[in-house]
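>>> Mind looking at a prediction? Sequence and model below.
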Protein chains: 2
Amino acid sequence: MAMSMSATKLPGGLQRAAAIGRDVPCRFCQVRGKAFCGFADSGDLSLLEGVRSYREYRAGDTIVRAGARIGFVGTLVAGTALVSARTQRGSRRIAGLLFPADGFGHPEGARAAPHAIEAATDVVMCSIPHRDLQAMAVSLPRVTGRLLAAAKKEREGAQRWSAGLDTLSVRARLAHLILTVARSQNPLAGIGAFPDLSPSQGFPDRIYLPLSRGAVADYLGVSREAAARQFDRLVADGLVALEQRRQLRILDPERLRQAALGREFRGDFGDQRLPAARAHRYAGCA
Amino acid sequence: MAMSMSATKLPGGLQRAAAIGRDVPCRFCQVRGKAFCGFADSGDLSLLEGVRSYREYRAGDTIVRAGARIGFVGTLVAGTALVSARTQRGSRRIAGLLFPADGFGHPEGARAAPHAIEAATDVVMCSIPHRDLQAMAVSLPRVTGRLLAAAKKEREGAQRWSAGLDTLSVRARLAHLILTVARSQNPLAGIGAFPDLSPSQGFPDRIYLPLSRGAVADYLGVSREAAARQFDRLVADGLVALEQRRQLRILDPERLRQAALGREFRGDFGDQRLPAARAHRYAGCA
DNA sequence: CGTAGAATTGATATATATCAAGCCTAGTGG
DNA sequence: CCACTAGGCTTGATATATATCAATTCTACG
C-alpha cells in the first residue's frame, strides 16, 4: 500500500498532496474547514488526530470494492475519485465524483455500498475507523451531520437524474462536467456562501481535468469517441481551449453555462447547429 | 374536491377503488397489510381510523404541487400516481410511479418535495396529518420505518439511475416498465417473500397499463412517437399483445425480461435487429 | 354525427454508436 | 539518448435509433 510519491511527476492537484505527510497535524490539513471535520471542537480534533490515517492510491487503484463493507469513513485530501458501478453488460457507469474534502462511507456503521470507489488520479485519503468516530461523543451529532452531507456526493447519480441531466445532449453534459470540475477547483469554494461561476467569484479559467477520456465517457454515459468529439466541438466553438489533454482553459464561461443547460442559440456568426438531440446506450455485450 | 365516481366507467384498478368508501374501516382496507400501516397495532389502528381521510382525484389532477410543503403523509389506496418534475425547458420528467399501498411524504414533518405528484388514473388516496401521526407513540418507530420504506418509491428515479436504466435502449426501458406494472398488479405481491416474474408466482399475463402514452414517453424520457413505435415492435416481435390501448397481454415473459435487460439475441426466426443503441433528449424549447 | 384530443403512421434529419485506422505520449530497454 | 512499444486518445466512415415535422386515424364525448 505504501508507495513513493515524487511530487514532480504528479499532475496538478497532487503536487500539493505530496506535500501532505502523515505527520501533518489536522489543523494544517489541506481540506481543514471544508471537510466534515471542520466543525469538530479542539477536543475532538485532537482525538481525530490520533486515529485518522492517510492512505495513498495511484490513479486507477480501487479504493473500495463494490459491495464491500468498510469499517471507516473516508475523506479525500487530494486527488479525485470516482463512484462507479458496473453494468450487467460489463460497462462502467460513473455515478459521481469525489473531490478533496468530499467524504464517503456511512457514519452509522459498516454498510455495504452498492458501488465502488476508484482513484481517478493519484489520491490521498484520510481514513477514520468507525469505532473511533463513536468516541467523539461531544460534537458527534454536529460532525456526523456534516459527514452525512459530505457523503452525499456518493449518491450524486440520483441528483443527476432528478436534474434531468440524462436527457440532455452529450455536449450539455460535458459542459456541465467541466463546470463541475471548475467549481471544485474554485479556491473560494466552501468559504463564501455560494461559490458562483463568475470569474469574480474566484472561478478558475484554467482547470485540470482529473479524469481520463474514458472516465469522462463513462461519466457522461457515452462512447469514448463521442466524448472526444464533443471536446473538439467545444474547442471549435470557442467555449474552451485544450492546452494539454487534461488541461483546459475556459474561454467563454457564459456560453459554457448555456451549453450546460442545453440552451444554446445560434450566435452572431452561428453556423454551428443546435445540438438537436439525445443520449446513448452501450453495447459491450460479453 | 368531492366528485362522483361511477364504478362502471372507471378503468381496471379503479372499479375496486370505487367500492372503497370513506366509511370502510381500516381493517377492511384494500391495501391493508401492504401499506405502511400494516404493522400498526390495534390501538394505533383505531387511532388511525379516526384521523385518516380518503381523497379522490381524477386522472390528470395534481395531487401535490412541486415544491409544496404538505402536512400529511399519503398512501395510495387505488389508482396510479406519477412522481414528476419539470425540466427547465418545459418538458415533464417522470421520476417514479406510485401504485396502491405506496406512500409519499415525509413522516418527519412537512418538507418541501422537489417534485409533484399527479394522478395518472383516477386515484383514491389515504391521507394522515403529521400531527396525528405523532400521537401514535407506541408503534411509531415501526410504523414510520415502514412509511419511509414505502415512500422510497418517491425517489425511484435515483434507483433507475443507479441501475443503469438510463443507458438502455428505449425498447429495454419500455419492457422494464411493463414488467414493473405487471409486478405491481401481481395479486401476491407483498405477501410472499419476493414476488417473482414467473406466472407460477401469480405474475399476471393480462395487465392494465395505468399510463397514457404521453406519460409512458415522459417516464421513458423519449418522444411520444418513439414510445408508440416501441409498443409496435414489442407486439410485432410477439412479446406482448395490445388488446386495448392500455390493456395488454404478456405473451412471452422470458423474452420480455431479456428485453428489459437489453440482452436480447436473435431468435430462430430472428430478423428483428438488435436494439443497437441509445436514449434521447428533448426540445420543448419555449 | 361531429368535434377535439390522443395516438399512430410516415418521411426525414441528425446525434451518436460502432468499426477501423492512425496518432500521441509515457514508459522501457538497449 | 534513442528506437520500441502499449495504452490512451483522436479521427474517419458508416449504420442506426430516435427526434422532429406533418398528416392521418382512433377514441371519447357531446
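Perfect, I can see it now.
>>> Backbone dihedrals for A:L179, please?
Backbone torsions of A:L179, given as degrees, to the nearest 10, read phi -70, psi -40.
>>> Revised request: answer the last question for A:R246.
Dihedral pair for A:R246: phi -110, psi 10, per degrees, to the nearest 10.
>>> That one: neighbour count?
Counted with other Cβ atoms under 10 Å in any protein chain shown, residues neighbouring A:R246 total 17. Using the backbone N, CA and C atoms, a C-beta is placed for each residue, glycine as well.
>>> How about it: what's its closest non-neighbour residue?
A:L209 (4.4 Å; Cβ to Cβ, 6 or more residues apart in numbering or on different chains).
>>> so the one you found touches A:I250, yeah?
No - using Cβ atoms under 8 Å, A:L209 is not in contact with A:I250, being 11.3 Å away.
>>> For those two, list the residues in contact with both.
A:I178 (Cβ atoms under 8 Å, 6 or more residues apart in numbering or on different chains).
>>> For the stretch 151-286 of chain A, give me the ranges with low pLDDT.
Applying pLDDT under 70 to the stretch 151-286 of chain A flags the ranges A:188-202, A:265-286.
>>> got the residues of it near DNA strand D?
The stretch 151-286 of chain A comes close to DNA strand D at residues A:212-214, A:224-225, A:227-229, A:231-232, A:242, A:245-246, A:276-278, as judged by Cβ under 7 Å from any atom of the strand.
>>> by contact count, what packs against the helix or strand hosting A:R171?
Secondary-structure assignment from DSSP states H and E places A:R171 in helix A:170-184. Using 3 or more Cβ pairs under 8 Å, 6 or more residues apart in numbering or on different chains; DSSP states H and E, the elements in contact with helix A:170-184 are strand A:92-98, strand A:206-208, helix A:213-220, helix A:224-236, strand A:247-250, helix A:253-260.
>>> Not counting residues beside it along the chain, what's closest to the residue of the stretch 1-150 of chain A found nearest chain B?
The stretch 1-150 of chain A approaches chain B most closely through A:T87 (4.8 Å), counting by Cβ to the nearest Cβ. Among residues not flanking A:T87 along the chain, B:G164 sits closest, at 4.8 Å (Cβ to Cβ, 6+ apart).
>>> So the one you found versus DNA strand C, what's the distance?
Plainly put, B:G164 is 13 Å away from DNA strand C if you go by Cβ to the nearest atom of the strand, to the nearest Å.
>>> got the contact list for A:L242?
Neighbouring residues of A:L242 by Cβ under 8 Å, 6+ apart: A:231, A:235, A:248.
>>> wait, the second one sits on A:E243?
Translated: A:V235. No - taking contacts as Cβ under 8 Å, A:V235 lies outside contact range of A:E243: 10.6 Å.
>>> interface residues of the stretch 51-200 of chain A facing chain B?
A:85, A:87-89, A:91, A:93, A:95, A:114-115, A:155, A:157-158, A:160-162, A:164, A:166-169 (Cβ under 8 Å from any Cβ of the partner chain).
>>> Weed out the non-buried ones from those residues.
Buried subset of those (neighbour count, 16 or more other Cβ atoms under 10 Å in any protein chain shown): A:85, A:87, A:89, A:91, A:93, A:95, A:115, A:155, A:157-158, A:160-162, A:164, A:166-169.
>>> So which of those are in strands?
A:85, A:93, A:95 (DSSP state E).
>>> Which of these sits closest to DNA strand C?
In terms of Cβ to the nearest atom of the strand, no member of those lies closer to DNA strand C than A:R93, at 12.4 Å.
>>> Contacts only, for A:A228.
Neighbouring residues of A:A228 by Cβ under 8 Å, 6+ apart: A:R213.
>>> Actually, A:S42.
By Cβ under 8 Å, 6+ apart, A:S42 lies in contact with nothing.
>>> A:L209 and A:I250: who's more crowded?
The residue with more neighbours, out of A:L209 and A:I250, is A:L209; 25 against 22, by other Cβ under 10 Å.
>>> Could you measure from the more buried one over to B:C126?
A:L209 sits 51 Å away from B:C126, going by Cβ to Cβ, to the nearest Å.
>>> cool, and A:Q30?
A:Q30 sits at a distance of 52 Å from B:C126 (criterion: Cβ to Cβ).
>>> the more surrounded of the two?
Shown here are A:Q30 and B:C126; by other Cβ under 10 Å, B:C126 has more neighbours (25 against 20).
>>> Excluding chain neighbours, what is closest to the more buried one?
Leaving out its chain neighbours, the residue that sits closest to B:C126 by Cβ to Cβ, 6+ apart is B:T75, at 4.5 Å.
>>> So what sits opposite the one you found in the bridge?
Following DSSP bridges, B:T75 is listed with bridge partners B:G103, B:C126.
>>> How many residues are close by it?
Residues within reach of B:T75, counting by other Cβ under 10 Å, total 27.
>>> How about A:P141?
Around A:P141 there are 10 other residues, counting by other Cβ under 10 Å.
>>> Then A:G109?
12.
>>> what's the answer for A:G71, then?
Around A:G71 there are 13 other residues, counting by other Cβ under 10 Å.
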